[in-house]
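> Predicted model and sequence follow; I will ask about them next.
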Amino acid sequence: MLSFGLIVLFCGFSTIFAHFINAEPTIKDPLIKVELIVSGLSSPTSMAFVDPQNILVLEKNSGEVRLISKGELKEDPILKLDVDSTTLTCCRGLLGMDIDKRNATSITDVFLYLTAAGNDNIPVLNKVIKYKWDGSNLVNPQTILELPATPGPNHPGGKLALDTEGNLFTVIGDLNNEGILQNIKDDNELSDSSVILKVKKIDGSALLDNPFVSIKNEFPTSQVEKYYGYGIRNSFGLAIDPVTGNLWDTENGDKDFDEINLVYSGFNSGWKQLMGPISSSGVTENDLAILPGSYYGDPIFSWEPSLGVTDIEFFNSKNLGDNYENNLFVGDINNGNIYYFKVNSSRTGFDFENPELEVDRIANEEEKDKIVWGTGFDGITDLETGLDGNLYVLSFDESNDGYGKIYRITVNH
Ligand SMILES: [Ca+2]
Ligand SMILES: [Ca+2]
Ligand SMILES: [Ca+2]
């Protein structure tokens, strides 16, 4: 504790020294090593392994899609999108990407989530656009989803996750809305914010068995038929469990309670009435905004002091050893930590060796370091299992103009 306190003290005195301290990512497991493979990115938010030679990376503020080909970052972007992203617009920009891995042998669909800039005639909007990867470029853009971006600028969400059945999940946070959707008892229309959406990847249309299709006529100007869950303050992490096909997310609290959730159809996470476990909140399920067909779900795990939890990745590979296969990694932006969770046998929760975590599934200030697996990554915006079966980390240095890097994590032979 003493040495940790000293580091904090030094960081306060000198950001240069802080950079020096944070410069070397390390993994607690001595059998695992980290290598820097790419640097020179700017505010990177998401990466995708489109084929064995090529990685695509999104840059939030420039709106550029950068190409890393055979390990080399190409100078010219392959695509530049007109995004709304100034200092004043905070969290908007080119935010999320996923690819259709089923078609990875030939032409791959690439889905991007961005805050598209507005003008006098067109409002600023969050959009999901589908492209084809033709081996060297993104072609044939097709807008498949349009979502609000105002009032904002906070909490536009932006992560994407494709399942194996032709569906696309995405998430949008509360956009600074107060009392809309979260308090539908008092407001007659839904805001299309604070929700997880599930749509067909082919055209962004709703699935017939989505949970709120039957109440569309009550909220005709909304996209309620596309909602899969609601009550989400903001999220930087969506992942599909490769074993069960279930959706999981991470969610960001204000000061208290970041969350990991298992998200079934009709999920209500509880915002804006609560973050974290309902038993710690002082509210009951009767206080929540209840849509017909919804259920309230407590988090699978919470961090009591929120730390800017970001991406969530089921590690679908044996490369780091059998014990890691299909277990869960989560990143954060504030500390640059990777957290590791062993998924239980029913794949509905975690097995902890530490009783302080097992008993309440909450990491408080003293307990949060016990689930740290990797440190020193600046801020983490994306974690991915590469096509080579190794774990990749996209890093974002907020204190250094969003300077970005990619690290590869492999077994230490
Ligand atoms: Ca929640
Ligand atoms: Ca605890
Ligand atoms: Ca990811």
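Now that the structure is in, tell me what you want to look at. Ligands and ions are numbered 1, 2, ... in the order given.
> contacts, neighbours, all on C-alpha from now
Noted.
> Pick out the residue closest to the middle of this protein.
Among the residues of the chain, the one closest to the centroid is residue 237, at 2.0 Å (CA atoms, centre = their mean).
> got the contact list for that residue?
Contacts for residue 237 (CA atoms under 8 Å, 6 or more residues apart in numbering) come out as 159, 249-251, 310-312.
> Now these in JSON lines, please, with extra columns for pLDDT and neighbour count.
Putting these into JSON lines (pLDDT from 0 to 100; neighbours: other CA atoms under 10 Å) gives the following:
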{"residue": "159", "pLDDT": "98", "neighbour count": "28"}
{"residue": "249", "pLDDT": "98", "neighbour count": "24"}
{"residue": "250", "pLDDT": "98", "neighbour count": "26"}
{"residue": "251", "pLDDT": "98", "neighbour count": "28"}
{"residue": "310", "pLDDT": "98", "neighbour count": "27"}
{"residue": "311", "pLDDT": "98", "neighbour count": "29"}
{"residue": "312", "pLDDT": "98", "neighbour count": "27"}
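> So of those, which two are at opposite extremes in space?
Spanning the widest gap among the contacts of residue 237 are 159 and 251, at 11.5 Å by CA to CA.
> still on that earlier bit, within the helices and strands, which one has the closest residue to the residue nearest to the centre of the chain other than its chain neighbours?
In space, residue 237 comes closest to residue 311 once its chain neighbours are excluded; the distance is 4.1 Å by CA to CA, 6 or more residues apart in numbering. Per DSSP states H and E, residue 311 falls inside strand 309-314.
> Tell me the residues on this protein that lie near ligand 3, please.
Counting by CA under 5 Å from the ion, the residues of the chain close to ligand 3 are 382-384.
> residues contacting the residue nearest to residue 237?
Residue 311 sits next to 236-238, 250, 330-332, 380-383 when contact means CA under 8 Å, 6+ apart.
> re the thing from before, quick one, the helix or strand that the strand holding residue 311 is followed by and strand 309-314 angle?
Per DSSP H and E, the first helix or strand lying C-terminal to strand 309-314 is strand 328-332. Using axes from the mean of the first three to the mean of the last three CA atoms, to 10 degrees, the inter-axis angle of strand 328-332 relative to strand 309-314 is 160 degrees.
> State the distance from the closest residue in space to residue 30 that isn't next to it in sequence to residue 341.
Leaving aside its sequence neighbours, residue 30 sits nearest to residue 412 (CA to CA, 6+ apart; 7.8 Å). Noted for residue 412: a distance of 21 Å to residue 341, by CA to CA, to the nearest Å.
> out of these two, which sits in the busier spot?
Neighbour tally, residue 412 and residue 341, criterion other CA atoms under 10 Å: the higher count belongs to residue 341, 19 against 11.
> Tell me which residues touch whichever residue of the chain sits closest to ligand 1, please.
Nearest residue of the chain to ligand 1, counting by CA to the ion: residue 269, 3.7 Å away. Residues near residue 269 by CA under 8 Å, 6+ apart: 229-232, 275, 296-299.
> Now it, what are its backbone angles?
Backbone torsions of residue 269, given as degrees, to the nearest 10, read phi -80, psi -10.
> So for it, what's the pLDDT?
According to the prediction, residue 269 has pLDDT 96.
> State the distance from it to residue 231.
Counting by CA to CA - residue 269 and residue 231 are separated by 5 Å.
> Model confidence for the closest residue to residue 80 other than its chain neighbours, exactly?
Using CA to CA, 6+ apart and skipping the chain neighbours, the partner closest in space to residue 80 is residue 64 (4.3 Å). Predicted confidence (pLDDT) for residue 64: 98.
> Phi and psi next, for residue 64.
Torsion angles, degrees, to the nearest 10, at residue 64: phi -90, psi 140.
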